[in-house]
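# here is my input; please provide its structure:
(chains A and B)
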Amino acid sequence: MNRTLKRIAVACLAMFALLMVNVNIKQAVQAEDLRTDARNTRNFFERYAIERGRITAGGKVVAQSVETDSKSFRFVRQYPDAKLYAHVTGFFSPESASAIEASENDLLDGSSADLLLRRSIDLFTGEPTKGANVDLTIDPRAQKAAYDALRASGKRGAVLALDPRNGAIRAMVSLPTYDPTELSGTNKSEVFSRYDELAQDKSQPLLNRAIGQTYPPGSTFKVVTTAAFLEEDSSRGPQTNVDAPQNLPLPNTTISLPNYGGSACGSGRVTLVYALEQSCNTPFGKIGMEVGFDALKEQTEKFGMGTQIGVPMSVAQSDFGTDYDDAALAMASIGQRDNRMTPLQMAMIAAGIANDGTVMKPYLVNKITDAKGDTIDEADPEELSEAVSSETAGKLRDMMVSVVANGTANLAQIPGVQVAGKTGTAETSNGQPPHAWFISFAPANDPQVAIAVIVESGAANVGAEATGGHTAAPIAKAVMEAVLNK
Amino acid sequence: MSEVAVSPVPMPAKRRGAQLLMLALAVAIVMGAYANVGLAIDGQIPSGMLTYGLSLGGLMLAAYLVLAKFAPWADPLILPLVTVVNGLGLVMIYRLSESDSGTGRLSSPNNQLLWTLVGIVLFSLTLIFLRDHRALQRLTYTAGAVGLFLLVSPLIPFIGRELNGARIWIGVPGVQAAQIQPAEFAKLALVVFFAGYLVAKRDVLALASRRLLFIDLPRARDLGPVLIIWGVSLGVLVMQKDLGSSLLLFGTFIAMLYIATQRSSWVIIGVLLFVGGAILAGMVFDHVYQRFEVFLNPADDELFRRVGGSEQLMQGLFALGSGGILGTGLGQGHPELIPLAFSDFIFSAIGEELGLTGLMALLMVYALIVERGLRTALAARDPFSKLLAGGLSFILAWQVFIIVGGVTNLIPLTGLVTPFMSQGGSALLANWILIALLVRMSDAARRPPPQAIQNEGLTQVFQR
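Numbering: from 1, shown residues only, chains lettered A, B, ... in the order given. This is a model prediction of the structure:
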């Protein structure tokens, strides 16, 4: 019987070997798939098991994890300022996250490879793993000013403020917004139904308009058209005379391009700076057709259009448009037709001019520190592109200062500070009132902040040429004052 | 001792000291795991730990003393190995009871500790009162009758109970706590019966009638017993919806038949009968067919959502995946999310918290227990002992294979307890008796033979 017993022993050994191989397949080979399966509710508990790092802005805590009494959910997320930073921090829901909570997730929850050393030390000292803290470039005073001013307008819209010298984002506001606390609870059904409510809301409160939405830039785009015009010939300047007819006939069409409200622009032949101050349409339509599609598109690209940007959240693609005939090109040159820009892109245009023609790569994360306070990563400002020469930048700056001092943007004036700016009133096709735009930077001689403001359908009909300036400029002014401590 | 010195067979040492050391180590491992759970969950050593430690340590010492007195030549490894497995089961059940979920509330670590105590007492009593296991050979048919009766007893009205879809329980009417799973004891009785029966009949069963290809076919009339066992297994499956026990019983019988007759044709016939039975059952019974469906495609979303579908299995697999190679650490995972984590799925729960590393070690411990059992069978001096030890070892391995293979989706899932780990008194008591029988036989096998030469001659007769 020993022969068969030995065979049975081999069979038993084979059974155990099979079990061991199979366990290896499950726990090593397929482990990742099984662990991350959406139906594996462990991930849900896991999210609340570790103390996520804080998100701070200028020394102020805007998101933090607080300990609870529950055995299943040890930490929950708190947003002390509720709606104010919603589009910056994002939310941390049972199954997903957004904005910084999502893009910096592996640092916030401590799983990043950058934190390996910290985790190893914690393992030996027996301390629970804590996530890293994320410090943002946001200036709390600018953020608050932008939020309050935009809210006071009662409209939807966005504000984006940059430091033109390095690209740091100082304010990022989009309205309407939401309270991230409502989407970060542990009660799944409650969170999901609230999310569905917000997602289905026609006013799109979950959309970050500052980086996630493109709009026709309207007259603010004339700055880019002017830049292309000046770059073409360095002898041109603010005093160069340009044609400014009351109506610009568009080639191969029966229509013509009028000025805003059909008004005249000076005597029909004006200086470039006058045309910009008054935001005449016809001179810039003509300039656009003269410099041509390629030069204009290239100029827009030099300001950053078409470059994939992550701040770290991904930014919607701005687009100058394609396949224009001359008539359409004239319209695109004044920011209409298929010309679509994000508020961030418009802020980068203002910032590029402010920074002597160099556009800096925008960013939102200033510094990452581990739970003990040691710096893990720090922002390193990068040049994105050389948009215009410093001479052209100087000329543009002077003209934009004149727009605020003498032109359509007088509401952006700050006593004792030179402000440069450009208003915009963008027609929308759907019969809504036009969008009000304003881009600006200040102080013009030593720029510290560059801003783009859009107020959707915010252009009140209060007389020719003053509309974009009327609603949007005061908002930008409030943010500039906050940054400049005025 | 002069006979011993001249014996051609090298004498095994008693190794009682080594066994005591290993037992202490086993108890220490279990206590360490206890402390680990407490520290992870509450940040302190569990308050009942002293009681647990003293009871387990004391009991193991008592078991050791009984063993040293009544089976001094017994295999030194078996008891410590079983202690580790039983202890880890206790720790996991305690850990599950600490969580505030549904599975947690169904876990009763104190009951399980109590059953462990009773199990060890039974182990000791078996060693004390069963001085010669060959006495069991005289009880062959009694054991068969008792086994069959126990197997069908849940079908008897009034005392039979149905739980979780399987009618495998008996109990006193009206008393919730007093329930036992008679199949666990039937298993023991039937292995004793198989061993006795096959020793008597193996010469006949080994006779060949015709040769087909490379296989010697047995005579048709000898198929009787095999068909009867096949019928009984199918009956268990049909009447009690207990796939696991059915498979366990039939597989063990075929393995013992093979050991006894040395004819691989029996294995082939057995496999064919099994496959036939399985296909038949799959066609006739929805719950059997569903097990196959789940086995083939557990991740399917529709099956996952179906009542009685693959969710239970997938939760077990999720646990394994989440545990990964090193596991989450005791008390730091979420094994309470697995349905039946304290019984059928305790292996998955261990896998989540101790990881692949822990499971490999655990499987190794089981494999060692089986190996020690089979070694006992090889060393045994008479056919009955060989068959009984071989059968008991095989049924242990087979049971681990069926349940662990089931929860890890190696084979279709059939409900069975994980020996020594799953919560439940009947299985624990039955398995401790099984271990006592193995220990008793290993003592007999390793004891220096009084008439070594004659015995060797006897063995020769039976060898082919």
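
# so what touches the helix or strand containing residue A:210?
Per DSSP states H and E: residue A:210 is located in helix A:209-212. Applying Cβ atoms under 8 Å, 6 or more residues apart in numbering or on different chains, the contact partners of helix A:209-212 are A:87, A:156-160, A:172-175, A:311, A:313, A:315-316, A:342-344, A:454, A:456. Placement of C-beta: from N, CA and C, glycine included.

# what sits against residue B:246?
So residue B:246 contacts B:233, B:234, B:236, B:237, B:414 (Cβ under 8 Å, 6+ apart).

# who's in contact with the fourth one?
This points to residue B:237. B:243, B:246, B:277, B:281, B:288.

# kindly report the same for the first one.
Neighbour list for residue B:233: B:246, B:247, B:249, B:250, B:277 [criterion: Cβ under 8 Å, 6+ apart].

# can you tell me the SS state at residue A:61?
Put simply, residue A:61 is strand when judged by DSSP: H, G, I helix; E, B strand; the rest coil.

# chain B contacts on chain A?
Contact residues (Cβ under 8 Å from any Cβ of the partner chain) of chain A with chain B: A:1-9, A:11-13, A:15-16, A:18-20, A:22-24, A:26-28, A:30-35, A:37, A:39-42, A:45, A:71-72.

# please check those residues and keep the buried ones.
A:1-2, A:4-5, A:7-9, A:11-12, A:15-16, A:18-20, A:22-24, A:26-27, A:31, A:34-35, A:37, A:40, A:42, A:45 (16 or more other Cβ atoms under 10 Å in any protein chain shown).

# and the helix ranked longest in chain B, how far from the chain's centre?
Assignment by DSSP state H gives helix B:346-379 as the longest helix of chain B. Its chain's C-alpha centre and that of helix B:346-379 lie 11 Å apart, by Cα atoms, centre = their mean, to the nearest Å.

# buried ones in it?
B:346-356, B:358-360, B:362-363, B:365-379.

# circling back to that earlier point, so which of the contacts of helix A:209-212 sit within strands?
Using DSSP state E, the members of those that fall within strands are A:157, A:158, A:159, A:160, A:172, A:173, A:174, A:175, A:454.

# lowest pLDDT pick from these?
Within those, residue A:175 has the lowest pLDDT, namely 89.

# quick one: it and residue A:152 touch, right?
No - at 10.5 Å, residue A:175 and residue A:152 do not qualify as touching, with contact defined as Cβ atoms under 8 Å.

# give me the helices and strands touching the helix or strand just after the helix holding residue A:210, please.
Next along the chain after helix A:209-212, taking DSSP H and E as the criterion, comes helix A:222-232. Applying 3 or more Cβ pairs under 8 Å, 6 or more residues apart in numbering or on different chains; DSSP states H and E, one finds that helix A:222-232 contacts helix A:272-278, helix A:282-302, helix A:343-354, helix A:390-406.

# what pLDDT, on average, does the helix or strand following helix A:222-232 get?
Using DSSP H and E, the helix or strand that directly follows helix A:222-232 along the chain is strand A:241-243. Per-residue pLDDT over strand A:241-243 has a mean of 88.

# what pairs with strand A:241-243, parallel or antiparallel?
Sheet pairing of strand A:241-243 (DSSP bridges) gives strand A:269-271 (antiparallel).

# give me the distance from the strand it pairs with to the chain's centre.
Its chain's average C-alpha position is 36 Å from that of strand A:269-271, according to Cα atoms, centre = their mean.

# quick one: residues in contact with it.
For strand A:269-271, the surrounding residues in contact (Cβ under 8 Å, 6+ apart) are A:238, A:239, A:240, A:241, A:242, A:243, A:244, A:278, A:280, A:283.

# looking at the residues you listed, which is nearest residue B:26?
Relative to residue B:26, the closest of those is residue A:238; by Cβ to Cβ it sits at 91.3 Å.

# please name the residues that touch the closest one.
Shown in contact with residue A:238 (Cβ under 8 Å, 6+ apart): A:271, A:272, A:273, A:395, A:398, A:399, A:402.

# for those residues, pick the one with the most neighbours.
Among these, the one with the most neighbours (other Cβ atoms under 10 Å in any protein chain shown) is residue A:399, at 26 neighbours.

# secondary structure element for residue A:196?
helix A:188-200.

# what residues does that helix touch?
So helix A:188-200 is contacted by A:44, A:93, A:94, A:95, A:178, A:182, A:183, A:184, A:185, A:205, A:206 (Cβ under 8 Å, 6+ apart).

# out of these, list just those in helices.
Per DSSP H, the contacts of helix A:188-200 map to helices at residue A:44.

# looking at the contacts of helix A:188-200, spot the one nearest residue B:422.
Using Cβ to Cβ, those come closest to residue B:422 at residue A:44, 27.5 Å.

# quick one, strands of chain B?
In chain B, the segments counted as strands under DSSP E are B:160-163, B:166-171, B:179-180, B:208-212, B:215-218.

# residue 448: how many residues sit nearby?
Looking at chain A here, since you left the chain open. Neighbourhood size, residue A:448 [other Cβ under 10 Å]: 17.

# actually, chain B is the one I wanted.
Neighbourhood size, residue B:448 [other Cβ under 10 Å]: 13.

# what residues are up against the closest residue to residue B:411 other than its chain neighbours?
In this structure, residue B:411 finds its nearest non-sequential neighbour in residue B:405, 4.2 Å apart by Cβ to Cβ, 6 or more residues apart in numbering or on different chains. Listed by Cβ under 8 Å, 6+ apart, the contact set of residue B:405 reads A:15, A:18, A:19, A:22, B:411.

# element containing the first one?
Read it as residue A:15. Going by DSSP H and E, residue A:15 is part of helix A:2-24.

# what does that helix contact?
By Cβ under 8 Å, 6+ apart, helix A:2-24 touches B:255, B:258-260, B:262, B:320, B:351, B:356, B:359-360, B:363, B:366-367, B:370-371, B:374, B:377-378, B:386, B:390, B:393-394, B:397-398, B:400-401, B:404-405, B:408-410, B:463-464.

# distance from the chain centre to it, please.
That offset, for helix A:2-24, works out to 62 Å (Cα atoms, centre = their mean).

# tell me the average confidence for the helix or strand following it?
Sequence order places helix A:31-36 as the next helix or strand after helix A:2-24, per DSSP H and E. Mean per-residue pLDDT for helix A:31-36: 88.

# list the helices and strands helix A:31-36 packs on?
Secondary-structure packing of helix A:31-36 (3+ Cβ pairs under 8 Å, 6+ apart): helix A:42-47, helix B:311-323.

# now it - C-alpha only, CSV.
Below are the C-alpha coordinates for helix A:31-36, written out as CSV (Å, rounded to 0.1, in the frame of the first residue of the first chain):
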residue,chain,number,x,y,z
ALA,A,31,-4.3,42.2,-6.8
GLU,A,32,-4.3,45.6,-8.3
ASP,A,33,-7.4,44.9,-10.4
LEU,A,34,-9.3,43.4,-7.5
ARG,A,35,-8.2,46.2,-5.1
THR,A,36,-9.3,49.0,-7.4
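
# any low-confidence regions in the stretch 251-400 of chain B?
By pLDDT under 70, the stretch 251-400 of chain B has no low-scoring segment.

# shouldn't residue A:285 be in contact with residue A:245?
No - Residue A:285 is not in contact with residue A:245 according to Cβ under 8 Å; the separation is 9.7 Å.

# these two - which one has more neighbours?
Applying other Cβ under 10 Å to residue A:285 and residue A:245 shows that residue A:285 carries more neighbours, namely 28 against 19.

# distance of the residue nearest to that one when sequence neighbours are not counted relative to residue A:473?
Spatially, and ignoring its direct neighbours in sequence, residue A:285 is nearest to residue A:330 (3.6 Å; Cβ to Cβ, 6+ apart). Per Cβ to Cβ, to the nearest Å, residue A:330 is found 26 Å from residue A:473.
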